[in-house]
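K.L.:
Sequence and predicted structure, then a few things I'm wondering about:
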Amino acid sequence: MNYTQCENYRHAIHSWVVDWEWAYPMFVTVTAKQGYKGHYISDYALQQCVKHLTKRLEAEFYGSIRRRKGARLHFLPAGETSANNRRHFHFIIDNPLGLVREEYQEEVRTNWKKTDWADREINVQEYDPDRRHLAYVTKIRTKPEYDLGFLWDLVRKTI
């Protein structure tokens, strides 16, 4: 994708996400180990860790309603590689119980640690459009293949 295509794609994502009906959205960053048991982390392994995290959080927040009625969290994940080649994810995720930031961060930390590739760094902030969290998640420069920087299989718009 050239830069103009990336900007058009980014604008479409913004338009789509701002229309979601969020309860109490949070902006989350989790880092992944770069190596584990002698292997370098693959895109597939990272995706599986994020999928595992979302399933654990949904089970935590929704309990049996998740299984019986398919309750899901609103979720927009984006994978990135930092300047020093550290793999990490930013995502906007709903907070259906309205937990305060510290409680939500502890839920994310507890459940992220249960994945194979979890690293220590976890940051949770209350989502604020004025802080430009959506712009940060959708930034172009840290996604070599912009359209593939989002885990579209895991994006969830409805509960």
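P.N.:
Received the coordinates, thanks.
K.L.:
so the residue nearest to residue 138 when sequence neighbours are not counted is in which element?
P.N.:
Using C-beta to C-beta, 6 or more residues apart in numbering and skipping residues adjacent in sequence, the residue nearest residue 138 is residue 10, 4.9 Å away. All C-beta atoms are positioned from the backbone trio N, CA, C, and that covers glycine. Using DSSP states H and E, residue 10 sits within helix 3-18.
K.L.:
how about that helix: buried residues?
P.N.:
6, 9-10, 13, 17 (16 or more other C-beta atoms under 10 Å).
K.L.:
And the furthest pair within the residues you listed?
P.N.:
The span of these, defined through C-beta to C-beta, is set by 6 and 17 at 16.3 Å.
K.L.:
Tell me where this structure has strands.
P.N.:
Under the criterion DSSP state E, the chain contains strands at 26-32, 35-36, 39-40, 75-81, 87-93, 118-126.
K.L.:
tell me the mean pLDDT over the second one?
P.N.:
For strand 35-36, mean pLDDT is 76.
K.L.:
Which one of the strands of the chain lies nearest to residue 57?
P.N.:
strand 87-93 (7.4 Å).
K.L.:
For residue 52, give its distance to residue 30.
P.N.:
12 Å (C-beta to C-beta, to the nearest Å).
K.L.:
Neighbour count: these two, which is higher?
P.N.:
Ranked by neighbour count (other C-beta atoms under 10 Å), residue 52 and residue 30 place residue 30 first, with 25 against 17.
K.L.:
for that one, what are its contacts?
P.N.:
50, 53, 88-89, 108, 112, 118-119, 121-122 (C-beta atoms under 8 Å, 6 or more residues apart in numbering).
K.L.:
could the residues you listed be laid out in TSV, adding pLDDT?
P.N.:
Shown next, in TSV, are the contacts of residue 30 (pLDDT from 0 to 100):
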residue	pLDDT
50	90
53	92
88	87
89	89
108	94
112	93
118	88
119	89
121	89
122	93
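K.L.:
where does the chain have low pLDDT?
P.N.:
Flagging of the chain using pLDDT under 70 yields the residue ranges 131, 157-159.
K.L.:
mind redoing it with 80?
P.N.:
Scanning the chain for pLDDT under 80 picks out 1, 36-39, 41, 64-71, 83, 85, 129-131, 141-148, 154, 156-159.
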